[in-house]
Structure formats: C-alpha cells, structure tokens
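1. I'll drop the sequence and a predicted model, then ask my questions.
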Amino acid sequence: MSEITDIFETLEYGPAPEATGPVDAWLDRHDRRFSHWIGGEWRAPSGGDRFETANPASGRSLAAVAQGGEADVDAAVAAARAAQPAWRALSGHARARYLYAIARRLQRDARFFAVLETLDNGKPIREARDVDVPLVARHFYHHAGWAQLLSAELPGQVPVGVVGQIIPWNFPLLMLAWKVAPALAAGNTVVLKPAEFTSLTALAFAELTKAVGLPDGVCNVVTGDGRTGAALAAHPDVNKIAFTGSTEVGRILREATAGSGKKLSLELGGKSPFLVYEDADLDSVVEGVVDAIWFNQGQVCCAGSRILAQEGIADRLVEKLKARMETLRIGDPLDKAVDIGAIVAPVQLERIRTLVEKGREEGAELWQPSWSCPEEGWFYPPTLLTRVEPASTVARVEIFGPVVTLMTFRTPAESVELANDTRYGLAASIWTENINLALDVAPKVKAGTVWINCTNLFDAASGFGGYRESGFGREGGLEGMWEYVRPAWEEYASEAPPAVTRAAPPPGEGGEAGVVAGAIPAAEEEDDAATPDVPPVDRTAKMYVGGKQARPDAPYTIEVRAPDGSLVGEVGRGNGKDIRNAVEAARRAQPKWAAATAHNRAQVLYYLAENLAPRGAELAARIDAMTGGGRAAAEAEVEASLARLFLYAGLADKWDGRVHHTPFRNVTLAMPEPLGVIGAACPTEAPLLGFVSTVIPAVAMGNAVVAVPSERWPLAATDLYQVLDTSDLPGGVVNIVTGGRDELAQVLAAHDDVDGVWYFGTREGSAAVERLSVGNLKRTWTDLGRPRDWHDPVQGEGDEFLRRCTQVKNVWVPYGE
Ligand code: NAD
Ligand code: MN
C-alpha cells in the first residue's frame, strides 16, 4: 500500500524499455561482425581490420565493423562508377519508384531501425522512434518526388556522377537519408562512409536497398574512421563530396578537393543563438530550450547552445529553467520515458568535460540538477552556464553536448550583434510574441535557418545548411537538389582546351610580363595604336574604389596591347593593398545596398544600361582595338552587355524565394539573401560582356563586388567609370581593381572579410582560389579553366549566376494558437 502511495506522491516512472529482440537477432545473424557493402554484396575489408562499435549506454561492444582502406574505397568507387550510367539513364519515374520503395520499407522496419540507432548512438528511443526514423522515411518520400520531377524542375541539368558522402554520428540514419536520397533522385550513385561510432544503421540500410531491388552498386557503404573518409575525398574518380561534421574536417576537405573539380557541400558546426525577448512566453521558451539543447544530448549541429536573454526576464528564465532541468530524466536510452540518453563516445564526453571546466576557469557559473547520472555508460548531465562573457571559450566553441550558456542583452539591436558574434551561422531561434520584432530580427541574423517561437524543426521540403563557417550548400528541398546536379553543357565543354589565360608579355619587353615601373603615360606609340575611333592613350586608368577613381597603391602599370603589339592603353597594376581598400569600401556599402528594394536595384541597373548605350560605339571601338576581333563582333558584345543588364534588372525583383510546405502548422519562408561581399575575377575573353556577366547578377541580388576585370583587356571595364558614376549606383557597390588576375584573385580568396569569390581563368588559378578560401570557408565558384561562351544564354547568364551569389535562409514561422 505504502508503495503505491509513494508512487502517487513522487509520480516516479517505472522503467519501460523497448524490446531489442529483432535487433539482437539481426546482429547475431551477422555474427556481430560486418564487412563493407560494395556492389550489392558484403565485401570483407581488404586489410582484414575491424574495430568495435559500442553501445554508449553501457560502454559494451555491439559488433565489429570493417576499417576501410584505400583498396576498399577503390572497389566501392569502381562499383558506383559501373552502376552510374544505367542509373542515370533510368527515367525519373523509375528512380522515383525505387526511392518510394525505400521509404515504404523504412516505415515498415521503423521500430527495428529506431532500436538499432538507439543502441549504437545512445539517443533516447523516444527521439529515434518519433523524430529520426520518421524524418528518414519522409526524406525518401519527398525525394521520390524530386526524381520524378527532375527534368521539369531542374531543366538542362545532369547528375554529377559518383558522390562520396561522409557523415557524422549524431543522426546516423538521418544524415544518411539527407545525403543518399537527393543523390539517388538526381541520378548519381554513392559511396557513403558512416561515422566510426555509428555504422550499424547504414549497414542495415544497405541490406534494405537490396531487399527493394535497388541495382547493385548504386548505393555503397564503406565503414571506417577519418582515414577512410580521407581516402574517399582524395579518390580521383569521385565527382562530389558531401560532408557533415566538424568545421575542422570541413576545412581539410576544402583543401583536399581544391582544384580537383569535385563539387563540395559542407554542413559543419554551429554555435546557434537562442534569442529570448522580454515579451516571450517563458513557459514555451523553457520547453524550447529543452528541445534546443537537450535533444540528442545537445549533440546537434544546430543546437541552440547560446541563450541570449533580454535583461528584464533573464533571472526569471533562469529560475524556470532550473526547475525544468530538475525534472528531466536521464538514463537507459531504450527506456521510453527517458529524456536524455548517453554521449556517443568517451572522447566526446571528455571533450564536454574539458570545455565545461574551461568555462568555469574563465568565470562561468555552473548549474546542474541535483540528481546524478547513471554509473554505467557515458552520461553527462544537462548543464547551464551563466555569467558567461561573449569572449569566453564556452560562448564561442561548439561544445556538442548538453551544455547551454546564457548571456543577456538590453536592446534588440544588441541582441543581433551578440547573435552574429560568432564565426558560425547555422541556425537561430527567436522567441517573442511580437511578430514585427521577430520578422525584423530574422533577416538580420546570419544563419541558414531561423526558427521563430520554435526550434530544431526539420523537414525534407526545407533546405538546411549554413552561413559563414557553418559551411555551404543546402540539404533538403529544391535548394538541396542543386547540390547533386550540374549544367549539362559543362559535360561537353569539359574536354576542351583551357581558355585564353594570361596576357602575353609585350613584344620586346624583358622581365615580368606586361609590367613596367612608373605610371608614366605612354608617349609616341599611342598614335600608332589609335584608330580614328579610339581615343589616344593619354593616361593610365586608375582603380575604382568606393565610387571614386583611386590611384593604385604601387606605381606599376600594365600595358594593354592590340594583337599586333601596338599599345592601346595602360592600367594600374593592383596589389593586395588595393584589394583590401576595395573590400573595405564594398563592406561599408553592402548592407545599405542589400536593404534597398529590389525595385530600386533594378532601376539602377536599367539606368546603367541607359547610360551605357550612348557610349556603345566608343566601347565597341575600344574592344575591337584591344582584341582585334573586328568591329561587328565588338558591337555585338556591347549589345549583348546591354541585354544582360536588362536581364538582371528584370530578374532583380523576380528571382525570389519560396514558401515551403513543411508538415507543421507553419510557413517556411525560403529567402535568397546576398552573400555580402563578392570578389570576382572576370574572364579574360569578352572584356565587357564577361565583366557585366559576372558583376551585374551579384549586384542585382544585393551584393557588393570587388571585380578584377579582364587581365589582358581591362580597358572595357575601366571605361565604365563615368557610367557607374552617373547611374545612381552607390559608391562601393562596384569596385574595380585592375592587375594580375590570379594574384588578385588569391588575395580575395584569402581575405577573411570577403564572403564569396568567383574566378574565371585557369585550372591552377581555380585550385589556388579554392585552397585559399579555407580561412573563412567563403563560397567559391571557379571554372577550372573550362571555356564558357559568354554570349550563349545557357552558359553566360541566368539562374546559376544568381544561385551562386545568394544563399537561402529558411525562416520557420508557426501559426495558430
Ligand atoms: P568529425 O568531423 O571528425 O567526423 C565527421 C565524419 O568525418 C566522420 O565520418 C569521420 O570519420 C570523418 N572524418 C574525420 N576525419 C576526416 C578526414 N580527415 N577526411 C575525411 N573524413 C574525415 O567529427 P567528430 O570527430 O566525430 O566530432 C568532433 C566535433 O565535431 C564534435 O565535437 C562537434 O563539435 C563536431 N561535429 C559536428 C557535427 C555536425 O553535424 N555539424 C557532427 C559531428 C560532430
Ligand atoms: Mn556506437
């Protein structure tokens, strides 16, 4: 009797563990010893090495999995390559049927997968069962649709080919789904490398693909640790790497793939702000924090790990939070009533402990519930750190554990500043009952996903991915599909010889190509060079920075010569200082330009065209004088440039976002936002059209640009200064630095205040840009020396240019009471 009254008094739960029978039977059927899944069958590791994967809740081994070496990766890539043509050749409908069958089967086996995931990862069964596995099935259903719709929705695109996919341990099966579903939908074949702590659900999934009859080799799984991942990334026959994991490894992959032509998407870490304003509903906020940082033990890339609370309510929030933390249940993840499971591995547990210790040393106040964690297994209690400074380690470094920091702010402006005071930009959560405030803050926070009065919501229809050092590329929805295709025309162009590269040294000139000391206007030759229509060489064209002509930092010039060797003019040879000045000007100008309405930006572009038109004959003469391509061709280039200005003026207010149908009571606004400051190394050929084609789309979308015009024929761009001056283009939105393309592109690529670099030049130049972009993980778009016909509307203009200078922010706005 007294026991029952006790239970009523304390309302304690009894244990309610999920049964593991079917999973145990599956493990036993494999003798708890797994191989790689290659070409539709189990393949023993070439070196014979295996390692144990453990159950974090007990620390005990579940099974041995194979350590993939180079030979295994080779075999898997070969299998994927062999399967690719037939998979690609299938109709979208046929691929849709496979994806649909996978989704159905996943639903049927949902309980099995949920239990296996919980055993291998340590996450509560409630989450594996109610979140992970349903989202996995949903992802395959959604992408069955993309397979079917591919040719209609992404016209002119082809699959990238063989995709290497490297995933982390926090959502093993869900990350598999995010990678595999879009890849297969688009007609790619894959080699997936799961994380070393959590390979089992991927191996079970491999068997599932066999059961639904997926052709052999379409989906391969090679297990192993970072070395296996590195071998996959380095493999020359892989066309794309898709990665989710730490920013540190993301950087390694950026460098490893630089110049290889491999497409790359990186979904990296975060330190996402959780913004609480004084009018927020604090009870909802508390439940939000539970979901933000104690979901999956805080091992979530988009975890709301930085609470920023408005001063007036901070104390009350802390009290409520502590009370709620006291009621959280930690323990056996298989127990259906458990809120917090185990940490994936001892190394991760140690990392959390070390960082929390560091936080205390730096002055943070630690609070944990009074109850204690299980003795067995790898557990860490929910933890609140207050008295944290914005500069302290725990406020800056991703802890990837159930640890949240709390800082305060006074005004919304200050909250935005604090929110953006991080190198990351994965997600943000905004809590206020004031919709105006929420929608004012949402665009100001630099993050790929913004949840308003909600957090950690995911759906296959919405893109997910980072700003800044949280990586690039999106997973999910239409945005995600773009990561797995490439323009069809590139396939045919890829074998052609590289385009014109560098200016040839002027005839008879020794030393460095095309460079002479002293900005001395050329003398006698100028008359030879001048045809009746071309102004004589009377000066060295300056740089254009912040809306003003600017003298180059160093007194060096580059001669611009006609094909017959005659001098057409001179430009300054820009250096790092010139680029840095231009970046500063661009940075100052960009926010205001982005805040201008799309209509305003369109008006400026029309005005540019209007002012350029009367200068058409003069520009054509200049182009002809430099290129020797003939007057007609030069006139056509001017005409094409005018048309392109009109095109982007027209698109400025039409290329917009979407509202995704995510299955919650909310709207998900997918808004393209400008990258910010873009460095653009313009193509050598088509000196005017190439310049317009690279600079104008970026400007149309609200970016500011630092452009390096055609290295060999820069005068078509420098002739535009007056046009730019008279067209209401705010100073600093377009900056022009003439000089050596590769040298200047590399300064831009290495510059930490540049958000993106476009480079049209050589393969080596592309490689250097990609390699140097690793500092702030800026977005790059390089041509690898592949020639592009700037006059061709398929190659020289359109959506791809706009996608490359924007990133999509998804804002989740719930509705209903
Ligand atoms: P990690 O980045 O090392 O591992 C992620 C994946 O990359 C794994 O499959 C791993 O085997 C593989 N990998 C490791 N080194 C590689 C290399 N050189 N080349 C190719 N692949 C390689 O992450 P981790 O060590 O498991 O965790 C460390 C920290 O990373 C965590 O504490 C957390 O901060 C962060 N993390 C973030 C995410 C996320 O979703 N953004 C996921 C896991 C971990
Ligand atoms: Mn494990």
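-> Structure's in. What do you need? Residues are numbered from 1 along each chain as shown. Ligands and ions are numbered 1, 2, ... in the order given.

2. What is the host helix or strand of residue 678 packed up against?
-> Element membership for residue 678, per DSSP states H and E: strand 677-681. Judged by 3 or more C-beta pairs under 8 Å, 6 or more residues apart in numbering; DSSP states H and E, the packing partners of strand 677-681 are helix 576-595, helix 689-700, strand 704-708, helix 741-750, strand 756-759. C-beta coordinates here come from the backbone N, C-alpha and C atoms, glycine included.

3. Just name the most buried of those.
-> Scoring those by mean neighbour count under mean count of other C-beta atoms under 10 Å gives strand 704-708 as the most buried, with a mean of 29.

4. Below-threshold pLDDT in the stretch 501-650 of the chain: ranges please.
-> 501-538 (pLDDT under 70).

5. so what's residue 702 up against?
-> 590, 593-594, 596, 601, 673-674 (C-beta atoms under 8 Å, 6 or more residues apart in numbering).

6. between those, which is nearest ligand 2?
-> residue 673 (38.2 Å; C-beta to the ion).

7. buried sites along the helix or strand the closest one falls within?
-> Here residue 673 sits within strand 666-674, counting by DSSP H and E. Neighbour counts using 16 or more other C-beta atoms under 10 Å place 666, 668-674 of strand 666-674 among the buried residues.

8. and the stretch 251-400 of the chain, which residues reach ligand 1?
-> By C-beta under 6 Å from any ligand atom, the part of the stretch 251-400 of the chain that sits against ligand 1 consists of 252, 267-269, 301, 348, 351, 398, 400.

9. Can you tell me which of those is closest to residue 54?
-> Nearest to residue 54 out of these is residue 348 (C-beta to C-beta; 12.0 Å).

10. Residue 659 and residue 437, how far apart?
-> According to C-beta to C-beta, to the nearest Å, residue 659 stands 21 Å off from residue 437.

11. Determine the set of other helices and strands touching the strand holding residue 673.
-> Under the contact rule (3+ C-beta pairs under 8 Å, 6+ apart), strand 666-674 is packed against helix 576-595, strand 658-660, strand 806-814.

12. then that strand to PDB, C-alphas only?
-> Extracted as PDB, the C-alpha positions of strand 666-674 are listed here (Å, rounded to 0.1, in the frame of the first residue of the first chain):
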ATOM      1  CA  ASN A 666       3.700  27.000 -40.000                       C
ATOM      2  CA  VAL A 667       5.100  28.600 -43.100                       C
ATOM      3  CA  THR A 668       8.700  28.100 -44.000                       C
ATOM      4  CA  LEU A 669      10.000  31.100 -46.000                       C
ATOM      5  CA  ALA A 670      12.900  30.300 -48.200                       C
ATOM      6  CA  MET A 671      14.500  33.600 -48.900                       C
ATOM      7  CA  PRO A 672      17.600  34.100 -51.000                       C
ATOM      8  CA  GLU A 673      19.900  36.600 -49.400                       C
ATOM      9  CA  PRO A 674      23.000  38.100 -50.800                       C
END
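
13. Off-centre distance for it?
-> Centre-to-centre, strand 666-674 and its host chain are 16 Å apart (C-alpha atoms, centre = their mean, to the nearest Å).

14. Now do that strand: everything it contacts.
-> Residues contacting strand 666-674 (C-beta under 8 Å, 6+ apart): 443, 454, 457, 459, 461-463, 477, 479, 590, 594, 655-662, 698, 701-703, 802-803, 805-815.

15. Report the rounded mean pLDDT for that strand.
-> Mean per-residue pLDDT for strand 666-674: 96.

16. how far off helix 689-700 does that strand point, in degrees?
-> Here strand 666-674 runs at an angle of 140 degrees relative to helix 689-700 (axes from the mean of the first three to the mean of the last three C-alpha atoms, to 10 degrees).

17. Can you name the residues that contact residue 127?
-> Residue 127 neighbours (C-beta under 8 Å, 6+ apart): 295-296, 341.

18. Let's see the pLDDT reported for it.
-> 98.

19. Show me the shaky parts of the protein.
-> Checking the chain against pLDDT under 70 turns up 1-13, 494-538, 817.

20. got the residues of it near ligand 2?
-> 53-54, 120, 197 (C-beta under 5 Å from the ion).

21. Kindly recompute the last result at 6 Å.
-> 53-54, 120, 197-198 (C-beta under 6 Å from the ion).

22. Show me which of the contacts of residue 127 is closest to residue 22.
-> Distances from residue 22 to the contacts of residue 127, taken by C-beta to C-beta, are shortest for residue 341, at 20.0 Å.

23. where do the strands sit along the stretch 251-400 of the chain?
-> 263-267, 273-276, 306-310, 365-367, 383-386 (DSSP state E, counting those that start in this stretch).

24. Now tabulate the ones you listed in CSV and tack on distance to residue 623 and mean neighbour count.
-> Shown next, in CSV, are those (distance: least, C-beta to C-beta, whole Å; neighbours: other C-beta atoms under 10 Å):
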stretch, distance to residue 623, mean neighbour count
strand 263-267, 34, 23
strand 273-276, 50, 28
strand 306-310, 53, 27
strand 365-367, 67, 14
strand 383-386, 62, 22
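
25. how about CSV for those strands, with distance to residue 649 added?
-> Compiled in CSV, those are given as follows (distance: least, C-beta to C-beta, whole Å):
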stretch, distance to residue 649
strand 263-267, 30
strand 273-276, 36
strand 306-310, 40
strand 365-367, 56
strand 383-386, 51
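
26. Pick out the residue in the stretch 251-400 of the chain sitting closest to ligand 2.
-> residue 344 (6.7 Å).

27. Could you give the number of residues near residue 95?
-> 24 (other C-beta atoms under 10 Å).

28. thought it was touching residue 147?
-> Yes. Using C-beta atoms under 8 Å, residue 95 is in contact with residue 147, at 3.9 Å.

29. List the residues that are in contact with both of these two.
-> What both residue 95 and residue 147 touch, as defined by C-beta under 8 Å, 6+ apart, is the set 184-185.

30. Next up, the contacts around residue 305.
-> 270-272, 274, 292-293, 298, 398-399, 403-405.

31. Please name the nearest non-neighbouring residue to the closest residue to ligand 1 within the stretch 101-250 of the chain.
-> Nearest to ligand 1, among the residues of the stretch 101-250 of the chain, is residue 229, at 2.2 Å (C-beta to the nearest ligand atom). Leaving aside its sequence neighbours, residue 229 sits nearest to residue 166 (C-beta to C-beta, 6 or more residues apart in numbering; 4.5 Å).

32. any idea how far that neighbour lies from residue 71?
-> Distance from residue 166 to residue 71, by C-beta to C-beta: 18 Å.

33. That concludes my questions; thank you for your assistance.
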